[in-house]
Structures are given as structure tokens and as C-alpha cells.
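Enquirer: Build me a structure from this.
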Amino acid sequence: MEMIIDFPGGARVDAHFGPYTIPTDQPPTGGGDGSAPTPFAVFLSSMGTCAGIYVLGFCRQRGLSTDGIRIVQRMHSNPLTGMVGKVDLEIQVPASFPEKYRPSLVKSAELCAVKKHFEHPPMFDITTKEVALA
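Expert: Residues are numbered from 1 along each chain as shown. Next up is the predicted model:
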């Protein structure tokens, strides 16, 4: 998979892949317009939405309604580094959701590919390459 990252103006940095564009921006306090989430917010949201895909798939496979189900994601920063040290994902279900499926719902969310990449992070190779301007 290849993504093209470009700089459309101001503090915006966008990612393009396939037919999609993911816009990012900085808040006004960071020199941006706040027109889109920050790259870090998009990164963090990928954890909860990925878990959500697995929860959705679990429910669909069993014919269970997702009405009233939501995931609340909470990040806890390490006070020494300022980096996220812990992520809580709380799957909230309505009282009508079958009790027998609740542990399996958690197990389905734990299959998230984003979570698995955290457990086995990729290597990074950052380089520069000179190209002719068009």
C-alpha cells in the first residue's frame, strides 16, 4: 500500500490513498485553522474504530443489533513522558444485549489489527529523495 502525503496550505497535511483523502490540521494554538483533526487524533481514533469493526462483525455474524452499542475510548498519559501509556476501550451495551455474548464481544475487539500492530510495531525507514518539479 502506498500513501501520498501532501501539504495543501497552512498547517494542513493530508494523506491520499486509493479514492480517499484523510485531511489533518493543527488547532489555532498550533498554527492551524482547526479545520480537521490532528494527525495524532486520527491515529488515536484508529484504535477505537478498528475495535469497532470487530464488534460490528461479531454482532452481524450472530444477528445481534448494534443499536445502543458504543465504544468509549480513554487515553491515559504517562506523566513522565507525556505519551499515551494506557488505552481503555469500554464497550457499552444496552441492558437488552445478551449477557452470554459480552465476554466474546471483548474478545472480538481484542482482535483489532491496530492493537496487534502496537504489540508488534513496524520498523521505520525515513529517507529523502530528490525529484524534479512538474
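
Enquirer: Provide a list of residues in contact with the most centrally placed residue in the chain.
Expert: The centre of the chain sits closest to residue 46, judged by C-alpha atoms, centre = their mean, with a distance of 0.9 Å. Residues near residue 46 by C-beta atoms under 8 Å, 6 or more residues apart in numbering: residue 114. The way it works is simple: take the backbone N, C-alpha and C, and place the C-beta from them, glycine included.

Enquirer: what helix or strand is it on?
Expert: Assigned by DSSP states H and E, residue 46 belongs to helix 39-61.

Enquirer: Just the C-alphas of the helix or strand that that helix is followed by, formatted as CSV.
Expert: Using DSSP H and E, the helix or strand that follows helix 39-61 in sequence is strand 70-77. In CSV, the C-alpha atoms belonging to strand 70-77 read as follows (Å, rounded to 0.1, in the frame of the first residue of the first chain):
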residue,chain,number,x,y,z
ARG,A,70,-20.9,2.2,21.5
ILE,A,71,-17.2,2.1,22.5
VAL,A,72,-15.8,4.8,24.8
GLN,A,73,-12.0,5.1,24.4
ARG,A,74,-10.0,6.7,27.1
MET,A,75,-6.3,7.5,26.9
HIS,A,76,-4.1,7.8,29.9
SER,A,77,-0.8,9.7,29.5
